[in-house]
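Q: Here is my input; please provide its structure:
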Amino acid sequence: MVLKKSGAGLAVLGAAMLLGTGTAHADTVPRLQQTEVAPAVGGLTGALGYGVAPVKDLRLDPFAQSSADVLNNGVAVQPDNSGLKPVGTDYVTGPLSDGGGIRDLPAVGPLLGALPG
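A: Got it, this is the predicted structure:
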């Protein structure tokens with residue numbers, strides 16, 4: 001038995017293998033369901049509450065209630081007009097030197113009520 005190979009036969013066989021024998025067809029793309037907004041927002045606010053709550057109570061002054069606390073020192077100014085109260089830094093630094101967090105600050109604390117947690 002003699003086996004003969006021709007260059008043209010191999011070229012045709014290679015082209016047939018590269019092109020494939022079947023025709024290509026595109027699969028239909030499945031339609032996605034419409035997204036529900038309410039559960040997505042509910043999950044976001046729930047997760048945000050758990051992420052923000054510890055930050056609100058985080059102790060900002062690590063030296064609070066110790067002898068090395070630099071926020072323990074306050075400065076006050078008594079106006080010349082006797083009808084005005086003295087203006088000092090104790091109003092702002094007092095909650096921090098007592099070991100409080102952002103929630104205890106006078107101006108920022110009430111604004112944090114808008115955040116969940």
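Q: For residue 35, grab phi and psi.
A: phi -80, psi 130 (degrees, to the nearest 10).
Q: Look at it and report its pLDDT.
A: According to the prediction, residue 35 has pLDDT 83.
Q: For it, give its distance to residue 42.
A: Distance of residue 35 to residue 42, given as CB to CB, to the nearest Å: 13 Å. Where C-beta positions appear, they are placed from N, C-alpha and C, glycine not excepted.
Q: neighbour count winner among the two?
A: The neighbour comparison of residue 35 against residue 42 (other CB atoms under 10 Å) goes to residue 42, with 11 against 7.
Q: For that one, grab phi and psi.
A: phi -60, psi -40.
Q: I'd like the distance between it and residue 114.
A: According to CB to CB, residue 42 stands 17 Å off from residue 114.
Q: element containing residue 41?
A: helix 37-56 (DSSP states H and E).
Q: Just the buried residues of that helix, please?
A: If you call a residue buried by 16 or more other CB atoms under 10 Å, then helix 37-56 has these buried ones: residue 56.
Q: And the helix or strand where residue 93 lies, what's buried?
A: If you go by DSSP H and E, residue 93 is part of helix 90-97. Buried positions in helix 90-97, judged by neighbour count with 16+ other CB under 10 Å: 93-97.
Q: who's in contact with residue 63?
A: Applying CB atoms under 8 Å, 6 or more residues apart in numbering, we find residue 63 in contact with 69-71.
Q: burial measure for the residue nearest to residue 92 when sequence neighbours are not counted, as a count.
A: Distances taken as CB to CB, 6 or more residues apart in numbering put residue 106 closest to residue 92, at 6.5 Å, once the chain neighbours are dropped. A count of nearby residues for residue 106, using other CB under 10 Å, gives 10.
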